[in-house]
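*Asks:* Predicted model, plus sequence, below.
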Amino acid sequence: MQFTTVVTMETDSNKKKAKISKNRHSVDYSRKEIELLLPNLTKELHAYTDNLSNNSIPDLQNLTRTREEIQKITQSDYDTNSELQFPKTENFIRRCSTLEEAEEIIDYQLKINQITKQQADKLRELCKKHGMRYFGQKKEWGYYERTYRK
């Protein structure tokens, strides 16, 4: 079942409450209710209708952007090979508190073919020999926010 809202812009002052349609799929609101409930939308609608009444349609040519402009706007400020884009197994291990958690991470990365058996064995050996902090300081809650937020 799909519901729609019908906005009636009546100036009838007798219409006080929203009315539900007979098929119970839409609700009719008075103009005053819309202005009270949705002031920003009301301003936009008034501005749009004013433009239409003045026969001034916005120039769409000035609003279009080239492919290069869009790429520049949407381009990330971060290195595309950083841990934000492509985290490595070592980045996940830095979140671990125990050796068992690190083993789970390594096993999972091996299972989804992110690392090879040789890499998994090397990571396990490094964790057992040097500890998990061999890969860097532990990443606590909020690490990415503190590190990468501008």
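*Replies:* Looks like it arrived, so ask away.

*Asks:* burial measure for Arg24, as a count.
*Replies:* 9 (other C-beta atoms under 10 Å). Yep, even glycine has a C-beta here, placed from its N, CA and C like the rest.

*Asks:* In three-state terms, label it for me.
*Replies:* coil (DSSP: H, G, I helix; E, B strand; the rest coil).

*Asks:* For my notes, confirm Asn40 occurs in a helix.
*Replies:* Yes. Using three-state DSSP, the secondary structure at Asn40 is a helix.

*Asks:* Check the gap between it and Glu33 for me.
*Replies:* To Glu33, Asn40 is 15 Å away according to C-beta to C-beta, to the nearest Å.

*Asks:* what about those two, which has more around it?
*Replies:* Glu33 (16 against 7).

*Asks:* Tell me who's in contact with Tyr144.
*Replies:* Going by C-beta atoms under 8 Å, 6 or more residues apart in numbering, Tyr144 touches Leu84.

*Asks:* typed the wrong thing, it's Leu110
*Replies:* Contacts of Leu110 by C-beta under 8 Å, 6+ apart are Thr116, Lys117, Ala120.

*Asks:* Let's have those residues in CSV, adding secondary structure, neighbour count and distance to Arg95.
*Replies:* Below are these laid out as CSV (DSSP: H, G, I helix; E, B strand; the rest coil; neighbours: other C-beta atoms under 10 Å; distance: C-beta to C-beta, whole Å):
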residue, secondary structure, neighbour count, distance to Arg95
Thr116, coil, 11, 22
Lys117, helix, 8, 23
Ala120, helix, 18, 17
